[in-house]
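Asks: just the structure for this:
(one chain, ligands or ions: 1)
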Amino acid sequence: MNYRHAYHAGNHADVLKHVVLARLMEHMKKKDKPFRVIDAHAGIGLYDLAGIEAGKTGEWEGGIGKLAQPFSAEIEALLAPYRAVIAALNPQGGLRYYPGSPELALRLMRANDRLVANELHPEDAIALEQQYLYDPRCEVTALDAETCLKAKLPPPERRGVILVDPPYEVKTEAEKTLRMLAHGVRRFAQGVFVVWYPLKADATAETVLAGVKELGVPATLKVQMRVREAFSGGGLAGSGLIILNTPWTLDTELKALVPALAERLGIGSWGQAEVSWLNSPT
Ligand SMILES: C[S@@+](CC[C@H](N)C(=O)[O-])C[C@H]1O[C@@H](n2cnc3c(N)ncnc32)[C@H](O)[C@@H]1O
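Replies: Below is the predicted model:
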């Protein structure tokens, strides 16, 4: 396992994923009944943008670093929960600490909601465990993501968000993601599953999109943001999320939000957004 998220925290893909996750948390809180977030690839939870890893790539500068200037009032209203978490982590102002998905979930969930944060990398799993040792809402596990979902689905609350956010380091990871998801949906058909995929000069995105669509889950939404052209050896040109059982009206919010993000984060005229149904709501 070579991938360490500390090198990439706060980049354009994190911004898209975390803005969407923050909106999702707001939707989940519309009902009083508690819910559970299962973060199958959690990372370490909190990132220091002044740290050695973030400094080596500077990726955050092309992501969260470009969000300092406010958007329109409509967009800022939708961004408010995401912005509030970042502001709470940086009480002196400025931008040094950036939340990973477990931090964002915990800060936006309620006292009776729960988080399972899972991370396989041995050192990152220890860091994650230490980060949330004293939060009784959070259980940290250090399993392979596929094993984690088998063990933790369905959640006792029967309401939940499952984040599948693999690094796609190895060629077989797209197939593994689809297998994991198919199994997850069988165990917890009403779950809100969120799957991340990269836009690179290969077929990963097409494979994941086609495989998830084939599951035939209603209200399957594709949310994609490209920031530049993809070329061989050129890394991440953008990213996307596929949401299964998308909460009512989240699509409308994202149809406003994601183009605004793409316009801001796109390089030159490359910023492109797509929010469309792979399988429509029934
Ligand atoms: C993209 S990062 C996660 C970022 C995090 N979800 C966030 O948004 O802040 C992917 C993480 O998955 C972990 N990972 C890789 N393979 C895994 C596996 N088979 N099971 C669980 N975690 C894995 C990596 O160590 C890495 O920390």
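
Asks: any regions of the stretch 101-250 of the chain where pLDDT drops low?
Replies: Along the stretch 101-250 of the chain, no part satisfies pLDDT under 70.

Asks: any chance you could map the strands in it?
Replies: 114-118, 138-141, 160-164, 192-199, 220-226, 238-243 (DSSP state E, counting those that start in this stretch).

Asks: ok, the second one near the ligand or not?
Replies: Right, strand 138-141. No - shown here: strand 138-141 not in contact with the ligand (CB under 6 Å from any ligand atom), separated by at least 9.2 Å. Where C-beta positions appear, they are placed from N, C-alpha and C, glycine not excepted.

Asks: what strands flank that strand, and is each parallel or antiparallel?
Replies: Using DSSP bridges, the strands paired with strand 138-141 are strand 114-118 (parallel).

Asks: ditto for the fifth one
Replies: Strand 220-226 pairs in its sheet with strand 238-243 (antiparallel), strand 272-279 (antiparallel), by DSSP bridges.

Asks: run the chain-centre distance for it.
Replies: 12 Å (CA atoms, centre = their mean, to the nearest Å).

Asks: residues contacting that strand, please?
Replies: 12, 16, 20, 199, 209, 212-213, 237-246, 250-251, 254, 258, 261-262, 265-266, 270-279 (CB atoms under 8 Å, 6 or more residues apart in numbering).

Asks: now L143: closest residue in space, sequence neighbours ignored.
Replies: Leaving aside its sequence neighbours, L143 sits nearest to N118 (CB to CB, 6 or more residues apart in numbering; 5.7 Å).

Asks: before we move on, what about K29?
Replies: R110 (6.6 Å).

Asks: for the ligand, see how far away the one you found is.
Replies: 21 Å (CB to the nearest ligand atom, to the nearest Å).

Asks: any idea how far R137 is from that residue?
Replies: R110 is 9 Å from R137, where distance means CB to CB, to the nearest Å.

Asks: export stretch 65-76 as CSV, just CAs?
Replies: Output in CSV follows, covering the C-alpha atoms of stretch 65-76 (Å, rounded to 0.1, in the frame of the first residue of the first chain):
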residue,chain,number,x,y,z
GLY,A,65,-6.9,26.9,-1.6
LYS,A,66,-9.0,28.4,-4.4
LEU,A,67,-12.2,28.7,-2.3
ALA,A,68,-11.1,31.7,-0.2
GLN,A,69,-13.2,34.2,-2.2
PRO,A,70,-17.0,33.8,-1.7
PHE,A,71,-19.4,32.5,-4.3
SER,A,72,-22.9,33.9,-4.8
ALA,A,73,-25.3,33.9,-1.8
GLU,A,74,-27.1,30.9,-3.2
ILE,A,75,-23.9,28.8,-3.5
GLU,A,76,-22.6,30.0,-0.2
